[in-house]
Every structure is written in structure tokens, then in C-alpha cells.
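J.: Just to be clear, the model below is a prediction. Sequence and coordinates:
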Amino acid sequence: MRLYSVHLRRHGLDPDRDLVLVKEGFSWPAFLLSFLWALAHRLWLAAAVIAAAHVVLSIVVLLLGADPVSEIALSLGLGLIVGFVANDLRRRKLARQGFAFAGVVVADDADSALRRYLDGEPALAHDLTT
């Protein structure tokens, strides 16, 4: 079971744009594809910071003449940091876009979480379907 935070923007109530679920915890896609993940989620500043961190890390490794194992360890460390803060960055962006935190849902996947949330909010489910 996973935890999902529910973010809702009430004006308009377009189900594709005004109700967003964000998984709590570590983000494997952000860990593996940090810069590209940030671009895919339109986190422009985060993408720039991640890219700059990778460049700085490469320069530091080059200047220090670190061995390949150290370079891999530092890259993994940066990836871990991005993986742990990725979903928090998404929630911050949603808050800036006018989304309000509406609750937490426990479910196996995002579709089940959405269904479970809307089962608990029948008026919202009706507004979204009309």
C-alpha cells in the first residue's frame, strides 16, 4: 500500500487538471532520471539546479582526480537526494499553482487512490463528472 497526497483546485473542476495525486516517499524515476524527470514535471528551476549540481559534481571529481568508485558514489548520493525531495518539489509547485492539500489516501496505485478519495467525497465526484 502506498500513501498519496490529494491536491485540489476548486475553480473549474476539470478532473484532468484540477485533482492531482502525488505519491508520498521516494521517487525512483527522479532518482534514475533526475534532470529529465524534473523537465517532464515542468519543474524548470529544479531541473536547472539538478543540471548545475551534476556539472559542479563532475568538475569537482575532475579537479580532485577522484577514482571511478568515488565518482559513482557521489553521483548516487546526488540521485538519492533528488529521489527523496522530488515529490516534495511537486507538492510545492502545486501549492504555488493554487492547489490546496485535500487529504491523504492509502491505496495500491494512483487509480485506486483516486477512486477511494472520490468515494469519500461524493459531492466532488458528482461535480467532476458533470
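T.: Good, I have the coordinates.
J.: Let me know the distance separating the most far-flung residue of the chain relative to its centre from residue 71.
T.: Relative to the mean C-alpha coordinate of the chain, counting by CA atoms, centre = their mean, the farthest residue is residue 65 (34.1 Å). Distance of residue 65 to residue 71, computed by CB to CB, to the nearest Å: 10 Å. All C-beta spots, glycine's among them, are computed from the backbone N, C-alpha and C.
J.: Then residue 20?
T.: Taken as CB to CB, the span from residue 20 to residue 71 is 37 Å.
J.: which of those two has more neighbours?
T.: residue 20 (21 against 16; other CB atoms under 10 Å).
J.: Packing partners of the helix or strand hosting that one?
T.: In this assignment (DSSP states H and E), residue 20 forms part of strand 19-23. If you count contacts as 3 or more CB pairs under 8 Å, 6 or more residues apart in numbering; DSSP states H and E, strand 19-23 packs onto strand 2-8, helix 68-96, helix 110-120.
J.: who touches stretch 19-32?
T.: 2-9, 37-38, 79-80, 82-84, 86-87, 90-91, 94, 99, 104-105, 110, 113-114, 117, 128 (CB atoms under 8 Å, 6 or more residues apart in numbering).
J.: give me that answer again for 6 Å
T.: Stretch 19-32 is contacted from outside by 2-8, 37, 79, 82-84, 86-87, 90-91, 94, 110, 113, using CB atoms under 6 Å, 6 or more residues apart in numbering.
J.: got the contact list for the residue sitting nearest the centre point of the chain?
T.: Nearest to the mean C-alpha position of the chain, counting by CA atoms, centre = their mean, stands residue 87 at 2.9 Å. Residue 87 sits next to 22, 27 when contact means CB under 6 Å, 6+ apart.
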